[in-house]
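Novice: I would like to see how this sequence folds:
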Amino acid sequence: MLAASLPVAFIVAAILHANNLRDLETDRVVGKRTLATLLGREKAQVEYYVLVLGAYVVLALTVLAGWVPPHTLVAFMTLPLALALVYRVGAKPDPLTLHPVIRRTAQLHLRFGMLLALGWFYALLLRDMSLSLF
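Specialist: From the prediction side, this is the model:
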């Protein structure tokens, strides 16, 4: 199901957007057109917030809709890292500060994805175990 892949896709897009956000000023100087240069600094920061935090919102909504198992909510364990990244992007958006945000967003993607997969695996394992009992 497409909706189940959206949380991971949001964080992947956040990695790419963090790079564009970091390079915003130099991209403007050379005339490079990215979404960050078109939106401007403040709106581009909001886009990063939406991408990172949207992963958690979409995950919660897909669980509530019954499209993914509740065990996938284990990915919420990465929320403190996500909030730290959002804070860093908002607090000091200069290129030196934003450079590590790219790497840390990639780390968030890895951790979120691994926990999400673990939640799916555990849910399927429990389902298979309960089916074998009958």
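Novice: Give me the buried positions along the one helix or strand Arg28 maps to.
Specialist: Using DSSP states H and E, the element containing Arg28 is helix 24-30. Counting neighbours by 16 or more other Cβ atoms under 10 Å, one finds that the buried residues in helix 24-30 are 24, 27. Yep, even glycine has a C-beta here, placed from its N, CA and C like the rest.
Novice: same deal with stretch 69-81?
Specialist: In terms of neighbour count (16+ other Cβ under 10 Å), stretch 69-81 has its buried residues at 69, 71-76, 78, 81.
Novice: first to last residue in that stretch, what's the distance?
Specialist: When the termini of stretch 69-81 are compared using Cα to Cα, to the nearest Å, they are 23 Å apart.
Novice: State the distance from the residue nearest to Glu25 when sequence neighbours are not counted to Leu39.
Specialist: What sits nearest to Glu25 in space, not counting adjacent residues and going by Cβ to Cβ, 6 or more residues apart in numbering, is Pro95, at 7.3 Å. Separation of Pro95 from Leu39 (Cβ to Cβ, to the nearest Å): 17 Å.
Novice: re earlier: take the buried residues of stretch 69-81 and keep only those in helices.
Specialist: Under the assignment DSSP state H, those contribute Leu81 to helices.
Novice: For the buried residues of stretch 69-81, give me CSV that also has distance to Leu125 and pLDDT.
Specialist: Written out in CSV, the entries for those read as follows (distance: Cβ to Cβ, whole Å; pLDDT from 0 to 100):
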residue, distance to Leu125, pLDDT
Pro69, 11, 94
His71, 9, 95
Thr72, 13, 95
Leu73, 16, 97
Val74, 13, 97
Ala75, 17, 97
Phe76, 20, 98
Thr78, 22, 98
Leu81, 26, 97
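Novice: How far off centre is stretch 37-49?
Specialist: Taking the mean of its C-alpha atoms, stretch 37-49 sits 16 Å from the chain's own mean (Cα atoms, centre = their mean, to the nearest Å).
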